[in-house]
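Q: here's my sequence, what's the structure:
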Amino acid sequence: MPANPQESIEQIFAEDGRFPLEAVQFVREGLNQAVSRFYRASEEPDQPRHISGVQLCEGLRELALKRWGLMSRSVLKRWHINNTRDFGEIVFLLVKHGWMQKRPEDRIEDFDEVYDFDVVFQRHFEISLDK
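A: Reported below is the predicted structural model:
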């Protein structure tokens with residue numbers, strides 16, 4: 001639940017001006033993907049599920065490659081996301097305004113240099129063919 005219910009995500013990011021709403025939605029979808037990846041459905045379903053900045057970045061990488069393949073880097077760049085720290089900037093802006101939660105040990109620095117976008121989105125891209 002947001003700290004200030006009158007302030008929508010749209011307003012928050014319009015005022016901030018760094019990232020478009022599509023980037024915010026992508027991060028929120030990536031959070032769901034990362035939670036699904038790192039927690040089994042049978043594990044205490046009523047408990048909050050926390051993932052680290054590194055885990056979130058991995059979920060976002062997987063989601064981007066699944067959704068856009070070799071175009072991932074271009075899509076993220078268009079949204080002004082140039083490195084994993086930018087994912088953290090989005091997360092911590094959502095945290096600041098009560099749209100996401102963090103633990104006391106969570107820091108924006110957890111998102112610093114998790115991986116190199118040029119490497120994971122271009123050089124080491126593999127196409128898998130379903131049989």
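
Q: now the residue sitting nearest the centre point of the chain, nearest residue through space, not along the chain?
A: Central residue check for the chain by Cα atoms, centre = their mean: the C-alpha nearest the mean position is that of Val27, 3.2 Å away. Nearest in space to Val27, with sequence neighbours left out and distances taken as Cβ to Cβ, 6 or more residues apart in numbering, is Ile90 at 4.8 Å. In this view, the C-beta of every residue, glycine as well, is placed from N, C-alpha and C.

Q: could you measure from that neighbour over to Gln122?
A: Computed with Cβ to Cβ, to the nearest Å, the distance linking Ile90 and Gln122 is 22 Å.

Q: so what secondary structure elements neighbour the host helix or strand of Ala23?
A: For Ala23, the element it lies in under DSSP states H and E is helix 21-38. Using 3 or more Cβ pairs under 8 Å, 6 or more residues apart in numbering; DSSP states H and E as the contact criterion, the secondary-structure elements in contact with helix 21-38 are helix 9-16, helix 53-68, helix 84-96.
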